[in-house]
Every structure is written in structure tokens, then in C-alpha cells.
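A predicted structure for the sequence below; I have some questions about it.
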Amino acid sequence: MLDDVLMYGSIFSPLPGLLIGQRHWRAYATIIRTILFVVLLSFLSDVVMLALLMNSIPNMPVANIYGLTEGLLFSYFFYLRLTPYRKFIVSIAVIFALLYLADVILVTHLMSFNAYSRTLEAGIMILFSTLYFYSIFQNETDIFIDKSSEFWIVVGILFYFSGAFFSFLLSTDILSLSPDRFYSSWILHNISNIIKNIIFTAALWKAVPNSGMK
């Protein structure tokens, strides 16, 4: 029962953020729209994967395509935010994309979960998040965390990928388990995803124009 609650909770946890975001899409800055687009893609990919799974159709291609798209969109978010490190972020994003495609084509193939590259993605996002906080500290930037949507977005990214890192790293072993044991082993990822989407929802609300938030 708990596994099912967390699985469906993870799938549908983006909905509050999407409901808030769709009402204010045009008013959002590009950097906030990027995150809203990630939330939308996350929800759509999870729904499609669930539908395919329920009909006994392989759904790993959807997961692999989403993983690459997610990594590049989050990289674009940090590219917009961390102006002094743009060349570094672009270089890392290009390397990530090339390694991801090489992994899918030459190693794991599209029909298998891209464990190595998803683990690499998690490591890169943790690095970018750390770079964001270092930039704040280095520049002695005053951040009012109750008002900064970007701050909470980075917190959500860091929390999710820190929690999902080991799920991705061990995903090859996890996916070989029986369905019951698989859902139990994937529980950390689902919890991290739910909390990430709760944080993103708060960040999208804080980014609403005229809400008194940044």
C-alpha cells in the first residue's frame, strides 16, 4: 500500500505546480518558465510510462529521452542564473549530452534504463547546485529565502538529485528485482521526487507577479 501511495504520489505531485504555473505562464521570466517546462515534461513522461507499463509495453525509451531532456533543461536554468560560469556549464552540458547519447547507443541501448548517464546527471546537478550556493557566498549576496523563487528551485534540484543519486546508481540491480521488491527499492527516488515537486510548487508560487515574492 505504501509503495503504491508513493508511486502515484510521485507521478501526480507535479500537478499543483502546473496548475499555478499555467495561470501565470506569460508573466514568468524565462528562467522560471524553464523549470515549469521541466515539471510539465516530468508529469507527462511519468503518465506515459505508467500507461505503457499497464499495457505491458516497454517504457524505458520514454525514461531515457526524458533523462537527457531534463539534464539539458536544468543545465539551461543554471546557465541563465550563473552568468560568470556559463562557459563551464555549456562545456559540462555538451559532455553530458555526448556521453548520454553514447551510453544509449553503444552501451545500455534505448530499451534499457540508462543508469550510468542518469547517475552522471545527478552528479552534475549536485555540482551545479553547489556552484550556485558558492556563488552566493562568494558574492556575499543577500538572499531572503522566504522571497527567492530561484533559491528554492535550487534547493529542490539539490534535494532531488541527492536522494535519487543512489537509486540511479543501483538502478540496474533494482530493475532486475521482482515488481514488489522493485517498488520498495525505488522508494527513495519517489520520496525525493515528491518533495522536489512540493518545493517547486512553492517556488512557482513565489515567482507569481504581484505576490510580494521575487
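Received it, and whenever you're ready, just let me know what you need. Residues are numbered from 1 along each chain as shown.

Find the nearest non-adjacent residue to R118, please.
Counting by Cβ to Cβ, 6 or more residues apart in numbering, the nearest residue to R118 once its immediate chain neighbours are dropped is F168, at 4.1 Å. Glycine gets a C-beta too; all of them are placed from N, C-alpha and C.

what separates that neighbour from L68, distance-wise?
14 Å (Cβ to Cβ, to the nearest Å).

More neighbours: the two, which one.
For F168 against L68, the residue with the higher neighbour count under other Cβ atoms under 10 Å is F168, and the figures read 23 against 19.

can you pull the pLDDT of that one?
Confidence at F168, expressed as pLDDT, is 83.

wait, doesn't it sit right on A115?
Yes - look at F168 against A115 with Cβ atoms under 8 Å: they come within range, at 6.1 Å.

number of nearby residues for A51?
A51, neighbours per other Cβ under 10 Å, totals 12.

Three-state assignment for it, please.
Under DSSP: H, G, I helix; E, B strand; the rest coil, A51 falls in the helix class.

any idea how far it is from S117?
Distance, A51 to S117, using Cβ to Cβ: 24 Å.

and what of S135?
S135 sits 26 Å away from S117 when distances are taken as Cβ to Cβ.

Looking at these two, which is more packed in?
Relative neighbour count places S117 above the other of S135 and S117, with 24 against 16, counting by other Cβ under 10 Å.

which residues touch the more buried one?
For S117, the contacting residues are G67, L68, F96, L99, Y100, D103, V104, by Cβ atoms under 8 Å, 6 or more residues apart in numbering.

so which strand or helix has it?
Assignment of secondary structure by DSSP states H and E places S117 within helix 115-139.

what comes up buried for that helix?
When neighbours are counted by 16 or more other Cβ atoms under 10 Å, the buried residues of helix 115-139 are found to be 115-122, 124-126, 128-129, 131-132, 135.
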